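>>> Sequence isn't available, so here's the structure alone:
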């Protein structure tokens, strides 16, 4: 049985799910022993520990030109001392170009089978990847498992499915039979999906697999070769994924350089050199807006970006203010606000929020919000496992700095004890009240656990400001609370005009930060927070070109 | 019955045709009285003549800020003296922005019905459009009818169908039902296809409707408003189309400024001012590479270009050299080489072309080619009706200039009598022999009836040069003649790698210049001849953004 036959049902189901957009997950998100095996967690942790301080020798990229690695655990504040093989840009490009000539000729079916198989292998390493993610990003255990494991694998499968569907969208050949009156002109026509070439996928420090696998699998399924350039601070999680892809390629007698890992160091970054290389045709990027916009402007490249955004919450009217405050506090605490979907700007009318028992004043809501933040942080059974650690020192510094924002500081950042990691770099949220007129303060992303409570004249101003932020600065998510159907449609329409998806009236165990594979488009591509959306059709169609040849049918 | 219901079957059939890619045409290409009516041609001609020297008052754009028009007939070498209402860029943008707020809320079904209806109205004016096309572009009658009439309408319908399909690709709403163990999280999710905004469609002088309607209808079906900026030398054909669109809009109580005509003059072009306006989000362009590349680099715009290319013919081996020479001579003579798909560079091995009766030497083929060119030009019943007239003086000058190309001039350009138009600007093809080493000569588009016979070492060099031209300079079409299956696959593979479609072994009544709606992708988007292809899926998906909102289902 070919790998394609082995995985055909999975791919078909994923394509169906893409269209249905109802709940679907191919990889279970609970790290439960009943699902992943009794010993899987302990073994994964042991493997992660065994990797520390050593050379990472799982890759099939030969003749390393050096070894390097500068990862540091936000939980231990110590270097991981793992070193990875290092290759110069010319070596990476040369190998990718050579591998491209092989990979582009592998059929779409075969590619789909190989890629789906690699995900199955990655599934066997979800726990190891989880620990690698914790100790590079600072994510707490549960998020590290889910985001880097099953959720990332679902996103990768989504990209495989979307690519596979598009490769099969048009017939490979037809007879074109044109009646000309007395005779017919008959042409045999055939269409080829021609991959663009070398694809560079540039990773970020906070979601090293989740944000990279869609680009990797999207490019690979459509026949491009990939050079994965992780953030120098978060290599191991994606290195494990690349290693599994390379193993499956090698087992199928294919060049493992079809998917290469390109490690660099903070002092000698190779990203620009890679991106600007004329043979690089595709670039995927997650990270800051300045670099993302530079990449988007490179001539002759197809570039997919997820950049920064300023996410808003519009508070108009609520059914149960306590549930709302709890939900939003969780959203801000989750991974200490280091998600691209985390809310930052909370727009609250100066006259307060409507509720069944009467108005909740601005101050009442602010206090409830702060109480909920504190309640979660101070719960030793929950706090450390929701907030995790802070990935970079810069974020910690930004949090401290944000207390100087002119306005009432409702909550200062502080530290808390992580029972497992005494030396963890942690920071709880800062909450500052800001006047709506002080646009310069809230018109930028303040990455990390920083929440601004912005006092507006009314909900109309809240909507106008949230829309303006999305259009000018970008936005990946938006939360809104209203019990008024007219206001709800206004928010839906205005934020849609700014290409920003809105989560309405979330309470309980679902948060505006979350984006589900096979259902939610992550980033819309329609505002400055990014020019692409995974996985919509153009996310894969732009990675290849349809070319049609034709010839008369012999009479 | 709504317009959508009226045209639903047409749209469904067009969507089917898009996928089947076999022969399909919704608008008959023969200007036959039995199809279009006994008096249609005469009436169309009379209407065209009646328009000359007058104000064009069919548009529903009110309060003209001036009247202007500088069109000139290549057949008469006299100005048409038609003047069109002129509007400043701020007026055009303001009206488009206002109309956008209305059009974006019209459902996809309604838009599809209105647009399909407008094509039916345009069908009633095919002959008038044909005469307008002749006397602006210099196309001969048959091409003017087909390209600006039924073929353009088919391309427009194709864009409507593709857009309509993509708008309906995902459900407008679903219940997302995620099992959480003890309970389920249920979200109501909905997706909106959000148009990008104002679209500017920039026309060219040679195919004023065919090259513009895909952008116009592609943007309109997806909810954008359109400003049509024709070439100042070829306004009337597309003005008639815009007028019909505006009439249908007005009849349906919609703002006719949803689709505006923006006329300018050679001395005061408004294209850059329009394109750079921050409210313009979409740009469609057909024309020269310099301006096209400038547009592609504008930040924050979605740009679709068809630029220039250098189209090759690879001659390796033939079954019947006379049929080949005849077919290629027709391709070069057709509209005096003024098609973006016309061949320019003919790569012929110095050792000659293989044929059943032995080698055809380079010189033998050159002579046959020249003889066929002359034979067609000198046939008074065919020549004038194939070559038509030369649209611009610059092209005529280029043809004369090309006789100075260093190499043997096999055929000089000359004039011929057009029985209907004694004063027509005409030029027959120039044929020059060029050494393969003189790449600087053939590495650029020589727009017009100019054919270069390039002597190569062998077919491998021919393929390498044709590929290099396509990758470096762009190519929209390629012709190849080979009876060897191995060489055929090599050409197919190498040219596909350069994103260039190949027509193999064409003889008889089908030419490499032709691209059929619903089957051939026109321009691939994968080489410098343009970054877009009509109509592939991304040609329409990039005109709008999917935005998903969600809210918990009430328990």
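Yes, it's here. Remember, predicted model here, so these are calculated numbers, not experimental data.

>>> Now the helix or strand hosting residue A:226: average pLDDT?
Per DSSP states H and E: residue A:226 is located in strand A:225-229. What strand A:225-229 shows for mean pLDDT is 98.

>>> and the following helix or strand past that strand, which residues are buried?
Note on strand A:225-229: by DSSP H and E, the next helix or strand toward the C-terminus is helix A:236-251. The neighbour-count check on helix A:236-251 (16 or more other C-beta atoms under 10 Å in any protein chain shown) flags A:236-249 as buried. Backbone N, C-alpha and C define where each C-beta goes, glycine included.

>>> Show the contacting residues for the residue of the stretch 101-250 of chain A found nearest chain B.
Using C-beta to the nearest C-beta, residue A:178 is the residue of the stretch 101-250 of chain A that sits closest to chain B, at 4.5 Å. Shown in contact with residue A:178 (C-beta atoms under 8 Å, 6 or more residues apart in numbering or on different chains): A:184, A:185, A:186, A:187, B:23, B:516.

>>> How about the third one: which residues does it bridge to?
In other words, residue A:186. residue A:177 (DSSP bridges).

>>> Could you count how many residues lie near it?
By the criterion of other C-beta atoms under 10 Å in any protein chain shown, residue A:186 has 16 neighbours.

>>> most centrally placed residue in chain A?
The residue lying closest to the centre of chain A (C-alpha atoms, centre = their mean) is residue A:211, at 3.1 Å.

>>> Test my guess that it contacts residue A:203.
Yes - the pair residue A:211 / residue A:203 is scored as a contact, 6.6 Å apart, by C-beta atoms under 8 Å.

>>> what residues do those two have in common as contacts?
Counting by C-beta under 8 Å, 6+ apart, the shared contacts of residue A:211 and residue A:203 are residue A:286.

>>> From residue B:204, how far off is residue A:358?
To residue B:204, residue A:358 is 65 Å away according to C-beta to C-beta, to the nearest Å.

>>> now do residue A:336
55 Å.

>>> Which one of these two is surrounded by more residues?
Using other C-beta under 10 Å as the criterion, residue A:336 and residue B:204 rank with residue A:336 on top: 30 against 21.

>>> Could you give the number of residues near the closest residue to the more buried one other than its chain neighbours?
Excluding the flanking residues, the one nearest residue A:336 by C-beta to C-beta, 6 or more residues apart in numbering or on different chains is residue A:449, at 4.4 Å. Using other C-beta under 10 Å, residue A:449 has 31 neighbouring residues.

>>> picking up where we left off before, can the strand holding residue A:226 be said to contact chain B?
No - on the criterion C-beta under 8 Å from any C-beta of the partner chain, strand A:225-229 is out of touch with chain B, staying 13.8 Å away.

>>> Parallel or antiparallel, list what pairs with that strand.
Counting by DSSP bridges, strand A:225-229 is paired with strand A:198-202 (parallel), strand A:259-261 (parallel).

>>> Any idea how far the last one is from the middle of the chain?
Okay, so that is strand A:259-261. Mean C-alpha position of strand A:259-261 versus that of the full chain (C-alpha atoms, centre = their mean, to the nearest Å) differs by 19 Å.

>>> right, and residue A:92 touches residue A:228 too?
No - if you go by C-beta under 8 Å, residue A:92 and residue A:228 don't touch, sitting 10.2 Å apart.

>>> shared neighbours of the two, anything?
Residues touching both residue A:92 and residue A:228 (C-beta under 8 Å, 6+ apart) are A:260, A:262.

>>> All the helices of the stretch 151-300 of chain A, in order from the start?
Counting by DSSP state H, counting those that start in this stretch, the stretch 151-300 of chain A has these helices, from start to end: A:152-167, A:210-221, A:236-251, A:271-276, A:289-296.

>>> Dump those helices into JSON lines; add mean pLDDT as well.
Shown next, in JSON lines, are the helices of the stretch 151-300 of chain A (pLDDT from 0 to 100):
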{"stretch": "helix A:152-167", "mean pLDDT": "98"}
{"stretch": "helix A:210-221", "mean pLDDT": "98"}
{"stretch": "helix A:236-251", "mean pLDDT": "98"}
{"stretch": "helix A:271-276", "mean pLDDT": "98"}
{"stretch": "helix A:289-296", "mean pLDDT": "95"}
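
>>> Can you tell me which of these is most buried?
Among the helices of the stretch 151-300 of chain A, helix A:210-221 has the highest mean neighbour count (mean count of other C-beta atoms under 10 Å in any protein chain shown), at a mean of 30.
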